[in-house]
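Participant: heads up, no residue letters with this:
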């Protein structure tokens, strides 16, 4: 088996190129891979498309990546949350495009992308502005929209523990989008609070198998958005 461990977040994201599409895990701050995102800011890739549940908070993590004008399109469900100030300005300016997707549809589009399903029908968003321009069909007297599966060049996700083969465990709700994003990206990069030796994780409790993971980096004391925002941190 391949040892997928890398030395640090900078090495983990070093080959992400301009114009890449990137799935970023997280549900608010739960599961947000802040150290990987900050390493990506330092790395310098631009013209990125980001697929995430939201657009980050304050001026750290995903919001910091946006602030540095590295993201030209966001596909997400919640572009404006309590401490989300960066993205609304970029959107109003016309710099960052938004594709708004209902949360359940976003999850299913990512799952479909990872499973090799090109498209599916859903009744969600029928009769709303989100349905404009989309194909629809009637099944059993009800209208359904055609939604396309989502895949990406990279995914950045956060785990509680991993082994050097890439098998992953998560911390409660920090699991959220991470397992399906790991399946839907060409290259999956994981930061984990601990990286163990093969066999130290019971295979019966593995959530994401290592076959879906390409790189693992240990971040023993990961940062949390709420703590950074409370401390007035702005990255970089």
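Facilitator: Received, thanks. All values derive from a computational prediction rather than experimental measurement. Residues are numbered from 1 along each chain as shown.

Participant: show the pLDDT at residue 1.
Facilitator: Residue 1 carries a pLDDT value of 64.

Participant: ditto for residue 19
Facilitator: 98.

Participant: in contact with it, which residues?
Facilitator: When contacts are counted by C-beta atoms under 8 Å, 6 or more residues apart in numbering, residue 19 touches 47, 48. Every residue, glycine included, has its C-beta placed from N, CA and C.

Participant: what sits up against stretch 120-131?
Facilitator: Contacts of stretch 120-131 (C-beta under 8 Å, 6+ apart): 100-102, 104-105, 108, 112, 136-137, 139, 142-147, 149.

Participant: can you check stretch 213-220 too?
Facilitator: 4-9, 11-12, 35-36, 162, 164, 166-168, 182, 187-195.

Participant: with adjacent residues omitted, what lies nearest to residue 39?
Facilitator: Nearest non-adjacent residue to residue 39, counting by C-beta to C-beta, 6 or more residues apart in numbering: residue 9, 3.6 Å away.

Participant: low-scoring stretches of the protein, by residue?
Facilitator: Flagging of the chain using pLDDT under 70 yields the residue ranges 1.

Participant: circling back to that earlier point, so the residue nearest to residue 39 sits against residue 43, correct?
Facilitator: No: between residue 9 and residue 43 there is no contact under C-beta atoms under 8 Å: 9.3 Å.

Participant: looking at these two, which is more packed in?
Facilitator: Using other C-beta atoms under 10 Å, the more surrounded residue of residue 9 and residue 43 is residue 9, with 25 against 15.

Participant: filter the contacts of stretch 213-220 down to just the ones in strands.
Facilitator: The members of these that map onto strands under DSSP state E are 162, 168, 187, 188, 189, 190, 191, 192, 193, 194, 195.

Participant: contacting residues around residue 170?
Facilitator: Contacts for residue 170 (C-beta under 8 Å, 6+ apart) come out as 31, 158, 159, 160, 178, 179, 207, 208.

Participant: excluding chain neighbours, what is closest to residue 54?
Facilitator: In this structure, residue 54 finds its nearest non-sequential neighbour in residue 78, 4.1 Å apart by C-beta to C-beta, 6+ apart.

Participant: where do the helices sit along this structure?
Facilitator: Secondary structure of the chain (DSSP state H): helices located at 9-12, 34-43, 61-67, 86-93, 103-115, 178-184, 225-230.

Participant: residue 35: neighbour count?
Facilitator: Residue 35, neighbours per other C-beta under 10 Å, totals 22.

Participant: next one: residue 236
Facilitator: Around residue 236 there are 10 residues (other C-beta under 10 Å).

Participant: now it: how far from residue 20?
Facilitator: From residue 236 across to residue 20, the span is 20 Å (C-beta to C-beta, to the nearest Å).

Participant: same question for residue 130.
Facilitator: Applying C-beta to C-beta to residue 130 and residue 20 gives a distance of 26 Å.

Participant: more neighbours, those two?
Facilitator: Shown here are residue 130 and residue 20; by other C-beta under 10 Å, residue 20 has more neighbours (19 against 16).

Participant: which residues touch that one?
Facilitator: 45, 48, 49, 152, 153, 154.
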